[in-house]
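Student: Provide a 3D model corresponding to the input given below.
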Amino acid sequence: ALQDILHLHDVLARVYLAKLCHSISRARVLDERPDIKSQYSSLLYQLLLDPSDRVCFEAILCVLGKVDNTER
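Tutor: I've put the predicted structure just below:
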């Protein structure tokens, strides 16, 4: 289902997917489940190739650990 969001035309959905993937891939509670963390990290890295500049920029910020969870 999350893979489907990658193909939506909704830029904000993909921006928030990047933030969600970042949060989940860094969650300490999932240290016992590297498979889940890896899945979300993979989605985040796929968003780096997004055609939207905004989505790509947000994904870059997430990868760099500079994600801002406040509304803009």
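
Student: CA atoms for contacts and neighbours, from now on please.
Tutor: Fine.

Student: and the strands in this protein?
Tutor: Counting by DSSP state E, the chain forms no strands at all.

Student: let's check: the centremost residue of it is which one?
Tutor: Nearest to the mean C-alpha position of the chain, by CA atoms, centre = their mean, lies Ala18 at 2.0 Å.

Student: okay, buried residues for the lowest-mean-pLDDT helix or strand in the chain please.
Tutor: When the helices and strands of the chain are scored by mean pLDDT, DSSP states H and E, helix 2-5 comes last with a mean of 76. Buried residues in helix 2-5, counted by 16 or more other CA atoms under 10 Å: none are found.

Student: which residue sits closest to Cys62, ignoring its sequence neighbours?
Tutor: By the measure of CA to CA, 6 or more residues apart in numbering, the closest residue to Cys62 outside its immediate chain neighbours is His22, 5.9 Å from it.

Student: over to Ala13?
Tutor: Ile5 (6.9 Å).

Student: ranges for the helices of the protein?
Tutor: Counting by DSSP state H, the segments of the chain that form helices are 2-5, 11-25, 34-47, 53-63.

Student: run the angle between the second one and helix 34-47 for me.
Tutor: This means helix 11-25. With axes from the mean of the first three to the mean of the last three CA atoms, to 10 degrees applied, the angle from helix 11-25 to helix 34-47 works out at 150 degrees.
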